[in-house]
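Asker: What shape does this take:
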Amino acid sequence: MDAIDKKILMQLQQNAKQNNKEIADKVGLSVSPTYERIKKLEQQGYVKQYVAILDGQKVGKPIKVYCQISLANHARPLIENFKQAIARLPEIMGCQHVSGNYDFLLKVAVSDMNEYQRFVIDKLSVIEGISNVQSSFVMEEIKNDTMYQL
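Answerer: Sure, this is the predicted structure:
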């Protein structure tokens, strides 16, 4: 990956709806080489997918919660079961396996406190092996960037 590839990736991160001509103009190439570079970056896995980032408030999911999850033990079957169960829950927007005081960090989006309570009681608490759940509610979002600086 060279400097032009990095510029292309930055442009795609800023606005993936740009057409190839717009990107080409911004990175200093003609359209055809820009198109070929984008295709190559996609094939090499630099671009995982193209998405629209929605406004949680407007789509009825204004409450974001970060859940710190501790498992009872770190046996491989327990971890794999947890990961599979989490992947099936649509309220969870992100899940990271982390080091430190807890094992997993979940990003959850819900419409209100009642939905979050139902999520914890009906979906999260029934997953085998969870020993502790701590919830932190987002009061104000200061920065939520999706861009990597290249």
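Asker: the strands in this protein, which residues?
Answerer: Under the criterion DSSP state E, the chain contains strands at 63-71, 92-97, 104-110, 130-137.
Asker: Mind jotting down where the helices sit in this protein?
Answerer: Using DSSP state H, the helices assigned to the chain run over residues 3-14, 20-27, 31-43, 76-87, 113-118.
Asker: Identify each buried residue in stretch 94-107, please.
Answerer: With burial defined by 16 or more other Cβ atoms under 10 Å, the residues of stretch 94-107 counted as buried are 95, 102-106. C-beta here means a position set from N, CA and C on the backbone, and glycine is covered the same way.
Asker: who touches the residue of the chain most remote from its centre in this structure?
Answerer: What lies farthest from the middle of the chain is residue 30; by Cα atoms, centre = their mean that is 32.8 Å. Listed by Cβ atoms under 8 Å, 6 or more residues apart in numbering, the contact set of residue 30 reads residue 24.
Asker: Please tell me how far it sits from residue 119.
Answerer: 51 Å (Cβ to Cβ, to the nearest Å).
Asker: Now for the residue lying closest to residue 21 once chain neighbours are set aside, how many residues are close by?
Answerer: Nearest residue to residue 21, sequence neighbours excluded (Cβ to Cβ, 6 or more residues apart in numbering): residue 31, at 5.2 Å. Residue 31 has 14 neighbours, counted by other Cβ atoms under 10 Å.
Asker: quick check: domain ranges of the chain?
Answerer: Per automatic domain parsing, the structural domains of the chain span 3-43, 63-137.
Asker: roughly how far apart are the residue nearest the centre of the chain and residue 68?
Answerer: Computing the C-alpha centroid of the chain and ranking residues by Cα atoms, centre = their mean puts residue 94 first, at 5.0 Å. Going from residue 94 to residue 68 by Cβ to Cβ gives 13 Å.
Asker: list residues touching both of those two?
Answerer: What both residue 94 and residue 68 touch, as defined by Cβ under 8 Å, 6+ apart, is the set residue 105.
Asker: which regions of the chain sit below the pLDDT cut-off?
Answerer: Along the chain, no part satisfies pLDDT under 70.
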